[in-house]
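K.L.:
Sharing a sequence plus its predicted fold:
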Amino acid sequence: MELGRKILQELSHGTSYYDLLSRREDEIEKIEKILAKGKVPSVFRLHTREYEISPKSPEDYLALIGLLDVKKTKYIALKDIVELVVGYPHTYHPVKEKIGEILREASKENIKKQKKLDPSLFRALCTLMCRNTKCMAEAVILPWIREGMTNTAALVLSRVIMKSSSEREYMEEFLERLMEESESSVTFILIVSVLIKKIKFGKPTVEKIEKYIFDTGSEVERSLAWNKLVLAFVRGYKDAADLRRVEERYREIERESKLTEIEKEILREIEGSVTEEKC
């Protein structure tokens with residue numbers, strides 16, 4: 001009994017943020033009700049004093065978010081939260097990642113049910129991709145791939161990537177992270193969405209893409225998703241890459257068996273680039 005009274009006393013008079021949260025369950029419930037209505041409570045604005053439990057540090061924000069029942073949050077509110085959080089200082093990166101994780105789970109559930117993405121979630125993902133590409137990779141896309149992303153989800157996310165803009169250096173890092181993942185149609189779809197943007201990558205990145213193409217296992221080299229990747233690379237980077245090895249590879253395939261239409265298109269693109277060089 002003495003121990004129980006001591007614990008209750010510490011919770012009632014403790015000065016830590018966790019003690020404060022335990023005393024103000026009413027404010028937590030108020031925040032959840034606002035989120036469920038599709039609005040963003042001011043507690044997500046830095047340095048607000050409207051709530052007694054208003055966080056004062058990244059650690060406080062993580063503690064608060066961990067207690068909130070975010071599953072009831074309307075998508076439009078989640079979009080607005082993402083737009084706020086990406087503007088937080090760099091020291092709040094763990095908070096941005098936590099919001100990214102929540103966005104990932106909401107998007108997974110939405111795509112699973114609807115086979116497409118709610119407009120608010122789409123805009124939220126675009127915002128995260130544009131303004132914090134690293135967070136998009138580490139909190140949304142890479143964990144999703146490792147958990148078992150479907151082709152449908154990959155196609156939806158590829159539209160997000162193509163719609164978004166980001167600085168070249170961040171997109172180079174993002175592309176390299178994708179190429180480190182296991183070979184699958186999902187990974188190829190996402191890489192294609194980056195290559196289609198025709199970003200003027202530096203020579204080291206172009207060479208890494210070439211190496212990726214030639215290091216990929218033979219069991220996937222004739223799949224449609226794989227050939228789309230090669231075609232996107234040839235079309236977008238024929239002026240920056242040496243395509244002789246690519247041509248040799250497809251000529252070898254041509255000698256061994258009948259080419260598919262997309263494989264023929266790849267060779268036509270290469271032949272066209274060689275003709276332009278001669279001219």
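P.N.:
Yep, it's here.

K.L.:
Wait, I189 touches T150, no?
P.N.:
No - counting by C-beta atoms under 8 Å, I189 sits too far from T150 to count as a contact (10.4 Å). For glycine as for every other residue, the C-beta is placed from the backbone atoms N, C-alpha and C.

K.L.:
more neighbours, the two?
P.N.:
Neighbours per residue (other C-beta atoms under 10 Å) separate I189 from T150, with I189 holding more: 21 against 15.

K.L.:
what's the distance between the nearest residue to G38 once chain neighbours are set aside and L103?
P.N.:
Closest residue to G38 apart from its sequence neighbours, by C-beta to C-beta, 6 or more residues apart in numbering: K74 at 3.5 Å. Distance of K74 to L103, computed by C-beta to C-beta, to the nearest Å: 13 Å.

K.L.:
Between these two, point out the one with more neighbours.
P.N.:
Per other C-beta under 10 Å, whichever of K74 and L103 has more neighbours is L103, with 26 against 17.

K.L.:
ok, so what distance separates that one from D215?
P.N.:
Distance, L103 to D215, using C-beta to C-beta: 32 Å.

K.L.:
Same check on V140?
P.N.:
On the measure of C-beta to C-beta, V140 and D215 end up 26 Å apart.

K.L.:
Counting neighbours, go ahead and name the busier of the two.
P.N.:
V140 (23 against 9).

K.L.:
Phi first, then psi, for that one.
P.N.:
The phi/psi pair for V140 (degrees, to the nearest 10) reads phi -110, psi -70.

K.L.:
repeat for Y88
P.N.:
phi -70, psi 160.

K.L.:
So it versus L46, what's the distance?
P.N.:
Note on Y88: its distance to L46, by C-beta to C-beta, is 7 Å.

K.L.:
Of these two, give the one with the bigger neighbour count.
P.N.:
Neighbour comparison, Y88 and L46: the larger count goes to Y88, with 17 against 14 (by other C-beta under 10 Å).

K.L.:
Helix or strand next in line after the longest helix belonging to the chain, which one?
P.N.:
If you go by DSSP state H, the chain has its longest helix at helix 93-114. Of the helices and strands lying after helix 93-114 in sequence (DSSP states H and E), the nearest is helix 119-131.
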